[in-house]
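> Attaching a predicted model along with its sequence, questions to come.
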Amino acid sequence: MTAGPDRRQRFARLIRRQCRAPITPTIGAITFFWLALTPSLLPRTPVFQALVAAVALLTGYALGALLGWLIRGFGGHLVGPPRRRAWQVVTWVGGLGSLVALGLSLRWENEVRDLVGMDRVGVAHVVLSLLLTAVLTVVLLGVARALKALGRYVGRQIGRLLPAKVATVVGGLVAGLVVYEIAFGVGGSWVVSTLDSSFMVLNDEFSTTVPAPTIPEVSAGPASGEDWNDLGRQGRLFIANTPTQQDIAAFSGREALQPVRAYIGAGPEGVRLRDEAARAADELKRLGGFDRAVVNVVTGTGRGWVNENQAQALEFMWGGDTATVSMQYSYLPSWMSFLTDGDRAQDAGRALFDAIYADWLELPAADRPLLVVSGESLGTFGGEAAFSGDQDLATRTDGALFVGPTNNNALWSRFTAERDAGTPEVLPTYDGGATVRFADRPADWGSAGAWEGTRVGYLQHANDPITWWDWSLALHKPDWLSEPRGRDVSPSMRWIPFITMLQLGAADQMVANSVPAGQGHQFGQEPAYAWASILPPPGWTAADTDRLAHVLQARAPRQ
């Protein structure tokens with residue numbers, strides 16, 4: 001008869017224990033929750049705001065718990081009336097302070113939205129964020145306490161053989177090893193393998209109403225050595241979106257050529273990237289790519305995506321007298337590919353350029369086409385890898401365009417760190433702009449005066465988290481937040497240790513492609529203006545670039 005009530009009482013005591021929080025961890029949680037509401041580079045959806053807030057809150061709780069443990073170790077302990085008064089202060093300050101912080105967060109959110117050209121939000125946005133924060137906090141706290149319980153259980157078992165303090169430490173280490181193994185060991189490998197298989201299936205899918213090409217200048221066409229089904233989803237999109245000779249002639253008003261596009265899909269597991277790159281070079285040669293005026297070597301993103309506005313800008317600009325070559329090196333989206341095997345992007349970029357360059361060198365000097373390299377996002381990370389520096393780029397290419405570079409780009413990092421004195425990190429000048437230049441807007445390309453010889457351009461936005469996020473943000477204030485703010489970066493944004501890193505990594509990067517063109521990681525038709533500054537054909541004018549930008553905007557690529 002008493003079993004039921006006893007169980008209910010035990011369950012009630014368990015809930016009370018789980019809900020009980022010491023004062024120092026509570027102060028830490030509230031403080032970090034407030035900090036998580038401060039603005040960063042881009043607007044946040046309620047889901048990502050909740051994610052940032054929940055992780056920050058629990059981090060503050062953990063740091064508060066550590067501080068409380070240290071205080072107790074030195075004999076500090078509140079009891080009786082002082083403890084009750086302290087809790088009253090925390091309750092009132094925490095409650096009122098949270099209302100103020102939430103109100104400010106709405107103002108900051110709308111300030112950032114105004115800057116990037118997005119619709120404002122109201123109180124419902126804050127309420128939904130708060131509710132989701134509560135849910136995520138409970139879930140994450142439950143996981144943390146389950147791991148803590150595991151550590152204590154293991155410690156008790158070991159305590160039968162070893163001293164209590166040693167057993168506690170060993171129990172904590174075992175729990176930590178379990179987490180590590182799940183995240184990065186067998187569990188992590190299983191997740192990566194499963195994702196890779198899933199994206200491999202997506203890679204093989206494409207609209208069945210789109211037939212293989214019939215023009216001989218593209219991969220999977222009559223003159224190609226590649227099969228349409230082997231190109232992968234992004235490869236087939238790349239070929240299907242090739243502008244026709246008639247499209248280009250209609251733009252230029254003159255006779256045009258059919259652009260060459262060569263693409264190699266990801267081969268079966270075990271195929272070396274160098275072998276795939278050699279196939280790409282052979283395919284380019286087979287399609288007549290080396291007979292064109294310009295050869296554009298593109299390193300794609302993780303899944304092999306190539307930005308149509310980058311490729312088509314050159315094709316229209318040069319009257320179709322171009323060849324674009326790329327290859328797929330992963331099935332995963334860029335961020336997954338970078339986290340799981342970032343070196344593969346660099347290996348692919350290096351292998352592809354080296355293969356094309358080797359064939360290019362065999363041509364008579366007078367017959368060689370202009371050779372350029374390009375890429376976007378993870379593609380810039382890979383595309384840079386073939387070169388040791390600006391002089392190497394100037395010696396072996398006739399130009400380069402890197403759009404939305406990542407913070408891990410070796411050359412970009414070097415050029416930025418070694419920028420000319422007095423120039424800002426968000427828009428640096430390197431070596432007077434002799435070879436390498438940076439631009440946030442079209443007008444920036446000419447800000448350093450005449451640009452002779454090979455031109456290497458980095459197109460980047462001041463509020464692009466892909467470019468500015470780095471682990472060092474946890475402890476180091478970046479120059480771009482010490483210097484005057486870049487274009488459309490909130491003046492209210494401040495560097496906060498750990499919090500800024502969390503905001504850019506867990507929220508801003510997730511929405512970087514969901515903002516209007518010209519903001520975040522969305523570059524729209526800006527590559528047309530970049531190529532017009534880096535590699536314009538004879539007689540090209542600013543009015544031509546404006547017309548081209550309108551044409552590219554109207555040409556919605558197949559998806």
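Thanks, I have it.

> who's in contact with residue 42?
112, 116, 463, 465, 507-508, 511-512, 515, 519-520 (Cβ atoms under 8 Å, 6 or more residues apart in numbering). C-betas here are computed from N, CA, C, even on glycine.

> Report the two of the residues you listed separated the most.
507 and 519 (15.1 Å; Cβ to Cβ).

> Check which helices and strands the helix or strand harbouring residue 106 is in contact with.
Following DSSP states H and E, one finds residue 106 within helix 80-116. Contact here means 3 or more Cβ pairs under 8 Å, 6 or more residues apart in numbering; DSSP states H and E; on that basis helix 80-116 packs against helix 23-36, helix 123-158.

> Any idea which helix or strand in the chain has the lowest mean pLDDT?
helix 186-203 (a mean of 44; mean pLDDT, DSSP states H and E).

> and residue 90, how many neighbours?
Residues within reach of residue 90, counting by other Cβ atoms under 10 Å, total 16.

> What is the burial count for residue 48?
If we define neighbours as other Cβ under 10 Å, then residue 48 has 20 of them.

> Ok, residue 395 next?
Considering only other Cβ under 10 Å, residue 395 is surrounded by 11 other residues.

> Relative to residue 439, how far out is it?
23 Å (Cβ to Cβ, to the nearest Å).

> Look up how far residue 422 lies from the closest residue to residue 420 other than its chain neighbours.
Distances taken as Cβ to Cβ, 6 or more residues apart in numbering place residue 429 nearest to residue 420, at 4.5 Å, with adjacent residues excluded. Note on residue 429: its distance to residue 422, by Cβ to Cβ, is 9 Å.

> Those two: which has the busier surroundings?
residue 429 (19 against 7).

> Verify the stated contact: that one with residue 416.
No - look at residue 429 against residue 416 with Cβ atoms under 8 Å: they stay out of range, at 10.5 Å.

> Which secondary structure state does the residue nearest to residue 136 when sequence neighbours are not counted sit in?
Nearest residue to residue 136, sequence neighbours excluded (Cβ to Cβ, 6+ apart): residue 54, at 3.8 Å. Here residue 54 takes the helix state, with states given by DSSP: H, G, I helix; E, B strand; the rest coil.

> pLDDT weak spots in this structure?
The model of the chain has pLDDT under 70 over residues 1-21, 78, 147-209, 267-271, 331-342, 558-559.

> can you count the residues close to the residue lying closest to residue 419 once chain neighbours are set aside?
Counting by Cβ to Cβ, 6+ apart, residue 419 lies nearest to residue 428, which is 3.4 Å off, once chain neighbours are set aside. Residues lying near residue 428 (other Cβ under 10 Å) number 21.

> wait, what's in contact with residue 428?
Residue 428 neighbours (Cβ under 8 Å, 6+ apart): 415-416, 419-420, 438.

> cutoff 6 Å now
416, 419, 438 (Cβ atoms under 6 Å, 6 or more residues apart in numbering).

> Most neighbours among the residues you listed, please name it.
residue 438 (28 neighbours).

> about what we covered before: between helix 23-36 and the helix holding residue 106, find me the angle.
Helix 80-116 runs at 10 degrees relative to helix 23-36, counting by axes from the mean of the first three to the mean of the last three Cα atoms, to 10 degrees.

> Quick check: buried residues in helix 80-116?
Within helix 80-116, the residues that count as buried by 16 or more other Cβ atoms under 10 Å are 90, 94, 101-102, 105-106, 108-113, 115-116.

> Kindly indicate whether residue 437 is helix, strand or coil.
Quick answer, by three-state DSSP: residue 437 is strand.

> partner residues bridging it?
residue 457 (DSSP bridges).

> how close does it get to residue 402?
Taking Cβ to Cβ, one finds residue 437 at 11 Å from residue 402.

> For residue 326, give me the backbone phi and psi.
Dihedral pair for residue 326: phi -150, psi 170, per degrees, to the nearest 10.

> what sits against it?
Contacts of residue 326 (Cβ under 6 Å, 6+ apart): 263, 298, 300, 306.

> Report the separation between the residue positioned nearest the centre of the chain and residue 408.
Nearest residue to the geometric centre of the chain (Cα atoms, centre = their mean): residue 466, 4.1 Å. Applying Cβ to Cβ, the value for residue 466 to residue 408 is 10 Å.

> Over to residue 142?
Distance from residue 142 to residue 408, by Cβ to Cβ: 34 Å.

> and those two? which has more neighbours close in?
Remark: of residue 142 and residue 408, residue 408 carries more neighbours, 17 against 11, as counted by other Cβ under 10 Å.

> can I assume that one sits in a strand?
No - counting by three-state DSSP, residue 408 is not part of a strand but coil.

> Pull the contacting residues for it.
Per Cβ under 6 Å, 6+ apart, neighbours of residue 408: none.

> Apply 10 Å and report the result again.
Taking Cβ atoms under 10 Å, 6 or more residues apart in numbering as the contact definition, residue 408 lies against 338, 342, 345-346, 378, 380-381, 469-471.

> And for residue 112?
39-44, 118, 463, 488-490, 492-493, 515.

> most neighbours, which of those residues?
Going by other Cβ under 10 Å, residue 41 tops those with 32 neighbours.

> What strand or helix carries it?
Using DSSP H and E, residue 41 falls outside every helix and strand.

> Can you tell me the element the residue nearest to it when sequence neighbours are not counted falls in?
Nearest non-adjacent residue to residue 41, counting by Cβ to Cβ, 6+ apart: residue 463, 4.4 Å away. In the assignment (DSSP H and E), residue 463 maps to no helix and no strand.

> Common neighbours of residue 429 and residue 416, please.
What both residue 429 and residue 416 touch, as defined by Cβ under 10 Å, 6+ apart, is the set 423, 436, 438.

> which residues touch the closest residue to residue 51 other than its chain neighbours?
Nearest non-adjacent residue to residue 51, counting by Cβ to Cβ, 6+ apart: residue 506, 5.4 Å away. Residues near residue 506 by Cβ under 10 Å, 6+ apart: 36, 44, 48-49, 51-52, 54-56, 469.

> same question, residue 368
Residue 368 touches 290, 295, 360-362, 398, counting by Cβ under 10 Å, 6+ apart.

> same question, residue 239
210, 212-213, 215, 218-221, 224, 226, 228, 231, 261-263, 558.

> So it, which state does it fall into?
helix.

> Apart from its neighbours in sequence, what residue is nearest it?
Per Cβ to Cβ, 6+ apart, closest to residue 239 is residue 218, 5.1 Å.

> coming back round to it: as a markdown table, the contacts of residue 506 with distance to residue 318 would be great.
Listed next are the contacts of residue 506 as a markdown table, based on distance: Cβ to Cβ, whole Å:
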| residue | distance to residue 318 |
| --- | --- |
| 36 | 49 |
| 44 | 41 |
| 48 | 41 |
| 49 | 45 |
| 51 | 45 |
| 52 | 45 |
| 54 | 51 |
| 55 | 49 |
| 56 | 50 |
| 469 | 35 |
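
> Which one of the residues you listed is nearest to residue 245?
Nearest member of these to residue 245, counting by Cβ to Cβ, is residue 469, at 42.2 Å.

> Tell me if I'm right that that closest one and residue 508 touch.
Yes - assessed by Cβ atoms under 10 Å, residue 469 is found in contact with residue 508 at 7.3 Å.
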